[in-house]
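[1] Provided below for reference: sequence and predicted model.
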Amino acid sequence: RKEVEQDPGPFNVPEGATVAFNCTYSNSASQSFFWYRQDCRKEPKLLMSVYSSGNEDGRFTAQLNRASQYISLLIRDSKLSDSATYLCAVRGAAGNKLTFGGGTRVLVKP
Amino acid sequence: NAGVTQTPKFRVLKTGQSMTLLCAQDMNHEYMYWYRQDPGMGLRLIHYSVGEGTTAKGEVPDGYNVSRLKKQNFLLGLESAAPSQTSVYFCASSYVHTGELFFGEGSRLTVL
């Protein structure tokens, strides 16, 4: 089993709709969780950190479920510009290494 | 502010050739990383460094060597390139004890 797993998608989303997807992790001792966004043929960039209490940044909401060992990302009122691959990243207890999932591709269509 | 710079951006090698990828960061970050990204595989950590003069193995270190002689530079070497090393390589850096990685633009390597 991979340490961090994501549904590769693609999630085809009508413009203005809401989309949500999860990322599961296998190490219960994992400390920190993040969502990165990667545009086609570009480098990943941090979208948001995921806190235990959940957090929201504009149209984006991230949640952490430690009991079931997954994090989620919800995008409301999807824009065409939200089309990208969303990578989750998990930092373990041992140090500053981040382990990435394979990414979830989101395509927002008019 | 350049951030993280990788050179070269593109390279084509023949099997058995050697090469070095250079990563330079100007943010005074302690930690630096080399990842490779393959379709459907996400980012996989090759090697990383927690400070000048230190290196450590990541998830997929075989076939690669690294050096961190200066804090701002992290070199990734391929001594004898193989077709399985065809990939996009990303360098990243971060402050200590923070999860945000700052990535370079990537280096596309093709091994024929």
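    Yep, it's here.

[2] sketch out the strands for the chain, chain order is fine.
    Since no chain was named, I'll use chain A. A:4-6, A:11-14, A:19-25, A:32-38, A:45-50, A:55-57, A:60-65, A:70-75, A:84-91, A:98-100, A:104-109 (DSSP state E).

[3] you looked at the wrong chain, it should be chain B
    Using DSSP E, the strands of chain B run over B:4-7, B:10-13, B:19-25, B:31-38, B:42-49, B:56-57, B:64-67, B:73-78, B:87-94, B:102-103, B:107-111.

[4] could I get the strands of chain A as CSV with mean neighbour count?
    (Glycine included, C-beta is placed from N, CA and C.) CSV is the format used below for these (neighbours: other CB atoms under 10 Å in any protein chain shown):
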stretch, mean neighbour count
strand A:4-6, 21
strand A:11-14, 16
strand A:19-25, 19
strand A:32-38, 22
strand A:45-50, 18
strand A:55-57, 12
strand A:60-65, 18
strand A:70-75, 20
strand A:84-91, 24
strand A:98-100, 24
strand A:104-109, 18
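
[5] related to what we said a few turns ago, relative to A:Arg66, which of the strands of chain B is closest?
    strand B:42-49 (22.0 Å; CB to CB).

[6] contacts for that closest one?
    Residues lying outside strand B:42-49 but in contact with it, judged by CB atoms under 8 Å, 6 or more residues apart in numbering or on different chains, are A:4, A:6, A:44, A:87, A:97-103, B:31-38, B:55-61, B:64-66, B:68, B:74, B:76, B:89-90.

[7] still on that earlier bit, turn the strands of chain A into JSON lines, including mean pLDDT and distance to chain B.
    Shown next, in JSON lines, are the strands of chain A (pLDDT from 0 to 100; distance: least, CB to the nearest CB, whole Å):
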{"stretch": "strand A:4-6", "mean pLDDT": "94", "distance to chain B": "8"}
{"stretch": "strand A:11-14", "mean pLDDT": "97", "distance to chain B": "16"}
{"stretch": "strand A:19-25", "mean pLDDT": "97", "distance to chain B": "11"}
{"stretch": "strand A:32-38", "mean pLDDT": "94", "distance to chain B": "5"}
{"stretch": "strand A:45-50", "mean pLDDT": "94", "distance to chain B": "5"}
{"stretch": "strand A:55-57", "mean pLDDT": "93", "distance to chain B": "13"}
{"stretch": "strand A:60-65", "mean pLDDT": "96", "distance to chain B": "13"}
{"stretch": "strand A:70-75", "mean pLDDT": "97", "distance to chain B": "12"}
{"stretch": "strand A:84-91", "mean pLDDT": "95", "distance to chain B": "5"}
{"stretch": "strand A:98-100", "mean pLDDT": "90", "distance to chain B": "4"}
{"stretch": "strand A:104-109", "mean pLDDT": "97", "distance to chain B": "10"}
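
[8] a markdown table for the ones you listed, including distance to B:Glu105?
    Listed next are the strands of chain A as a markdown table, based on distance: least, CB to CB, whole Å:
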| stretch | distance to B:Glu105 |
| --- | --- |
| strand A:4-6 | 23 |
| strand A:11-14 | 26 |
| strand A:19-25 | 25 |
| strand A:32-38 | 12 |
| strand A:45-50 | 11 |
| strand A:55-57 | 24 |
| strand A:60-65 | 24 |
| strand A:70-75 | 24 |
| strand A:84-91 | 16 |
| strand A:98-100 | 17 |
| strand A:104-109 | 20 |
